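Asker: Requesting a structural model of the entry that follows:
(2 chains)
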There are 2 protein chains.
Amino acid sequence: MELEPDHHPRGAPMASMGIEVVQEIDLRAVREQVDAVLEDFLVGKGRAAAGRRHPPEVVETLLDFLAAGGKRIRALLCVVGWHAAGGGEDTASVVRVAASLELFVAFALIHDDIMDDSVSRRGHPAVHRALRERLGPSPRAERLGAGGALLIGNLALIWAQELLHTAQLDPERRRVVHGLYDAMLEEVMYGQYLDVMGTGPGDDVEAALRIVRYKTATATVERPLQLGAAVAGADTATLDLCTTLGLPLGEAFQIRDDLLDVFGSADGACAPGLGDLREGKRTVLLALGLQAATPPQRRRLHDLVGRADLDEDGGAEVRALLEATAARERTEHMIASRYEQVLRVLDTAGLPPAASGALRGLAVTATRYTA
Amino acid sequence: MELEPDHHPRGAPMASMGIEVVQEIDLRAVREQVDAVLEDFLVGKGRAAAGRRHPPEVVETLLDFLAAGGKRIRALLCVVGWHAAGGGEDTASVVRVAASLELFVAFALIHDDIMDDSVSRRGHPAVHRALRERLGPSPRAERLGAGGALLIGNLALIWAQELLHTAQLDPERRRVVHGLYDAMLEEVMYGQYLDVMGTGPGDDVEAALRIVRYKTATATVERPLQLGAAVAGADTATLDLCTTLGLPLGEAFQIRDDLLDVFGSADGACAPGLGDLREGKRTVLLALGLQAATPPQRRRLHDLVGRADLDEDGGAEVRALLEATAARERTEHMIASRYEQVLRVLDTAGLPPAASGALRGLAVTATRYTA
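Answerer: All right, here's what the predicted structure looks like:
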């Protein structure tokens, strides 16, 4: 993830820039509140586990996973959604729901890494790999490491729901929040399923976009915004506005993430990689490339993409093909058009200035792409 | 699972036996109600999936899994717990919570089968194996099949919680029900974790009992009874009674299950098997055997148990060792003493006769062991 919500992005109407003096949402403080809830909750779980002689590494693994990084973008968007719907004085409930989203992310990533057999996550060994190491050299270590990580992932989901169950919402808000949360979980599972069980890369841009939408876009922006808004008692129009803003922003974010994975970023913060190409991930970028390719180009792309042993030369060849077919340019255009769509909606949405400003800022960091 | 709650077990004080005329709980009708809720819910999920062009096999897999069998013991115990706490006229909420427990069981078993790489479940290929077949001959089929099954299992858990969220409970009962449910999920995950990441079979009977307790016993009897009771608004004394009854009954059930896996049953309904022995499952039976073994017997047990290629002769040798060390006899004694404990508690608990009768019946079927 490349979002940098802690920084004031260029172009955002922040008070410090003198363009427009608005009440800002202190995203850094929000992040600290969310992390404090997560730490309190998990430290409590660790104490309870010790009392029952359960293995301490389950909680330790989750604490380490959260401490290793992550931009808490979903938690921040949840709180922004709450402000968008009028917010209020007492932030305890919305911060708890926001914290729940971050445990949900831990669950999804830990399971994703098992399914992809990813080597690392957030600069550390992926959880199933770390457990495998812990088990030492044994023919069963691979299967048992994956099993242990599966269970730690499950506990992250179960505890995410426990945070939600204990967020002290009144019955009507609770009903709406649970409905949105359950829908989000279902969408992400279907998105991951489409990704895992799908037919591999093809030229169907719409199919690639559906995976983006279900696997990532709704759960990254739309649902977190809606959940925060629902905690503030938002009406249907506000929840719909969260969708109108959240879908293009979430898609732009994920399409850009896929572009960065292949091409890296100009500032060097993100190096060009081989991860998605080796995995044969069904990205919009690749679908556009296959769509516009000549028959020989297409054969070459199919030859190279999805090879677990793809080397740097092969990666460079794929990148050249994605440039030659204008897939890269068209992908950048898709990101830009979604960014502009978000700004247009914000211009007329009449949101409270603090929420509108935060969303503009997040839209810039989520979509800025210069390579 | 060997429970046969649909039949009137010998020894149960059922009205039809003329020992005591009590109002019976019609367990067959309860099962039909639970299955109707599950089918309605999942068929609705299937319709929604079709509308969004999601793959239909996710819902189909879960419907097939439920249709293939399972005694719905947790659902029945949930409704018995509700009767034990006084029940009431409207069964809709308790049946929905009971149905939720069966989706939770589907989740736990689908994931368990991935972790053990089990071949079959309920007479059909295990879900990850079925998906692997579906993918056809491909080097990635094994990993992708496991990934697909992982996600279908996750959806079973997510939908179990959705059934709970929509069970129309008043705020106080909802709070208690969610607390019990979240505790149950956590216990089962820790139990599975101990099982997966543990050190393999040893002579520590207490450690084997802890796995039984967390992985199975509480989630099979104690928590379902408590959940049903909580739906009926039970007080703390009644919830505690569910524990006093549920723990020994759940342990007896699982210890017997482990005994049946190795030795089979006299009536031939359950054949002696090699599953647990090949897997090296840490059962109470095996711990008792290792504890009482002479050094040569112990070496032989360690040699044989946990070998994936253990053959019938090896299995027969292990069985003979478990007889010679009196492990089998002591295991049977542990089951019987738990059964008697349950009856003693029921004698003085003062439960409504229908609930008491159903529990006596379930205690007999859950613990009857004659080989």
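Asker: Tell me the residues on the stretch 1-150 of chain A that lie near chain B, please.
Answerer: By C-beta under 8 Å from any C-beta of the partner chain, the residues of the stretch 1-150 of chain A that approach chain B are A:49, A:52-55, A:58, A:111, A:114-115, A:117, A:131, A:135, A:143-144, A:146-148, A:150. Using the backbone N, CA and C atoms, a C-beta is placed for each residue, glycine as well.
Asker: List buried residues within those.
Answerer: Buried members of the residues of the stretch 1-150 of chain A next to chain B, scored by 16 or more other C-beta atoms under 10 Å in any protein chain shown, are A:49, A:54-55, A:58, A:111, A:114-115, A:131, A:143-144, A:146-148, A:150.
Asker: Just the ones of those in helices?
Answerer: Counting by DSSP state H, these place A:49, A:58, A:111, A:114-115, A:131, A:143-144, A:146-148, A:150 in helices.
Asker: Put together TSV for those, with pLDDT on each row.
Answerer: Conversion of those to TSV gives the following (pLDDT from 0 to 100):
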residue	pLDDT
A:A49	95
A:V58	96
A:H111	97
A:I114	94
A:M115	92
A:L131	91
A:R143	85
A:L144	88
A:A146	94
A:G147	94
A:G148	95
A:L150	97
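Asker: Go ahead and flag the most central residue of chain A.
Answerer: Central residue check for chain A by C-alpha atoms, centre = their mean: the C-alpha nearest the mean position is that of A:T220, 4.7 Å away.
Asker: Confirm that that residue sits in a strand.
Answerer: No - judged by DSSP: H, G, I helix; E, B strand; the rest coil, A:T220 forms no part of a strand; its state is helix.
Asker: thought it was touching A:I255?
Answerer: No - counting by C-beta atoms under 8 Å, A:I255 is not a contact partner of A:T220; they are 11.7 Å apart.
Asker: what residue ranges in chain A score low on pLDDT?
Answerer: Low-confidence segments of chain A (pLDDT under 70): A:1-23, A:199, A:369-371.
Asker: same thing but at 50, please
Answerer: For chain A, applying pLDDT under 50 flags the ranges A:1-22, A:371.
Asker: contacts for stretch A:179-187?
Answerer: A:100, A:104, A:157, A:161, A:164, A:214, A:218-219, A:223, A:226-227, A:230, B:155, B:158-159, B:161-162, B:165 (C-beta atoms under 8 Å, 6 or more residues apart in numbering or on different chains).
Asker: Would you mind listing which of these are buried?
Answerer: Among the contacts of stretch A:179-187, those classed as buried by 16+ other C-beta under 10 Å are A:100, A:104, A:157, A:161, A:164, A:214, A:218-219, A:223, A:226-227, A:230, B:155, B:158-159, B:161-162, B:165.
Asker: which one is the residue nearest to the centre of chain A nearest to, not counting chain neighbours?
Answerer: Nearest non-adjacent residue to A:T220, counting by C-beta to C-beta, 6 or more residues apart in numbering or on different chains: A:G250, 4.7 Å away.
Asker: Report the secondary structure state of A:G86.
Answerer: In three-state terms, and counting by three-state DSSP, A:G86 is coil.
Asker: In JSON lines: the buried ones among the residues of the stretch 1-150 of chain A next to chain B, plus distance to A:T238.
Answerer: Listed next are those as JSON lines, based on distance: C-beta to C-beta, whole Å:
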{"residue": "A:A49", "distance to A:T238": "40"}
{"residue": "A:H54", "distance to A:T238": "42"}
{"residue": "A:P55", "distance to A:T238": "44"}
{"residue": "A:V58", "distance to A:T238": "38"}
{"residue": "A:H111", "distance to A:T238": "32"}
{"residue": "A:I114", "distance to A:T238": "37"}
{"residue": "A:M115", "distance to A:T238": "36"}
{"residue": "A:L131", "distance to A:T238": "43"}
{"residue": "A:R143", "distance to A:T238": "47"}
{"residue": "A:L144", "distance to A:T238": "47"}
{"residue": "A:A146", "distance to A:T238": "42"}
{"residue": "A:G147", "distance to A:T238": "43"}
{"residue": "A:G148", "distance to A:T238": "42"}
{"residue": "A:L150", "distance to A:T238": "38"}
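Asker: those helices in the stretch 151-300 of chain A, which residues are they?
Answerer: Applying DSSP state H, counting those that start in this stretch to the stretch 151-300 of chain A gives helices spanning A:171-197, A:205-211, A:223-231, A:236-263, A:275-279, A:284-292, A:295-304.
Asker: how many neighbours does the residue nearest to A:T220 have?
Answerer: For A:G250, the neighbour count with other C-beta atoms under 10 Å in any protein chain shown is 26.
Asker: my read: it touches A:Y214, true?
Answerer: No - between A:G250 and A:Y214 there is no contact under C-beta under 8 Å: 10.6 Å.
Asker: show me the contacts for A:E133.
Answerer: A:125, A:145.
Asker: now the one 10 residues further on
Answerer: For A:R143, the contacting residues are B:115, B:117, taking C-beta under 8 Å, 6+ apart as the criterion.
Asker: go on, A:D64?
Answerer: With contact taken as C-beta under 8 Å, 6+ apart, A:D64 is in contact with A:H124.
Asker: A:G306 against A:R282, yeah?
Answerer: No - using C-beta under 8 Å, A:G306 is not in contact with A:R282, being 10.1 Å away.
Asker: Distance check, the closest residue to A:R52 other than its chain neighbours against B:G315.
Answerer: In space, and not counting its chain neighbours, A:R52 is closest to B:Y190: 7.6 Å by C-beta to C-beta, 6+ apart. Noted for B:Y190: a distance of 30 Å to B:G315, by C-beta to C-beta, to the nearest Å.
Asker: same thing with A:I335?
Answerer: 61 Å.
Asker: Could you tell me how many residues sit around A:R134?
Answerer: 13.
Asker: Which helix or which strand is home to it?
Answerer: When elements are assigned from DSSP states H and E, A:R134 belongs to helix A:127-135.
Asker: what is the orientation angle of that helix with helix B:171-197?
Answerer: 50 degrees (axes from the mean of the first three to the mean of the last three C-alpha atoms, to 10 degrees).
Asker: Which residue, neighbours along the chain excluded, lies closest to the residue of the stretch 201-350 of chain A found nearest chain B?
Answerer: Chain B sits closest to A:R210 of the stretch 201-350 of chain A, with a gap of 7.4 Å, by C-beta to the nearest C-beta. Leaving aside its chain neighbours, A:R210 sits nearest to A:L194 (6.8 Å; criterion: C-beta to C-beta, 6+ apart).
Asker: which ones are touching that neighbour?
Answerer: A:L194 sits next to A:210-211, A:214-215, B:54-55 when contact means C-beta under 8 Å, 6+ apart.
Asker: where do the strands sit along the stretch 1-150 of chain A?
Answerer: For the stretch 1-150 of chain A, the strands defined by DSSP state E, counting those that start in this stretch occupy A:120-121, A:124-125.
Asker: Pull the residues that contact the first one.
Answerer: So that's strand A:120-121. Strand A:120-121 is contacted by residues A:65, A:68, A:109, A:113, A:126-127, A:129 when judged by C-beta under 8 Å, 6+ apart.
Asker: so which of those residues is the most crowded?
Answerer: Top of the contacts of strand A:120-121 by neighbour number is A:V127, holding 28 neighbours under the definition other C-beta under 10 Å.
Asker: how close does that residue get to chain B?
Answerer: 12 Å (C-beta to the nearest C-beta, to the nearest Å).
Asker: One more: A:E172?
Answerer: Using C-beta to the nearest C-beta, A:E172 is found at 11 Å from chain B.
Asker: Spatially nearest residue to A:E317 (excluding sequence neighbours)?
Answerer: A:L304 (6.3 Å).
Asker: Now for that neighbour, how many residues are close by?
Answerer: For A:L304, the count of nearby residues is 19 (other C-beta under 10 Å).
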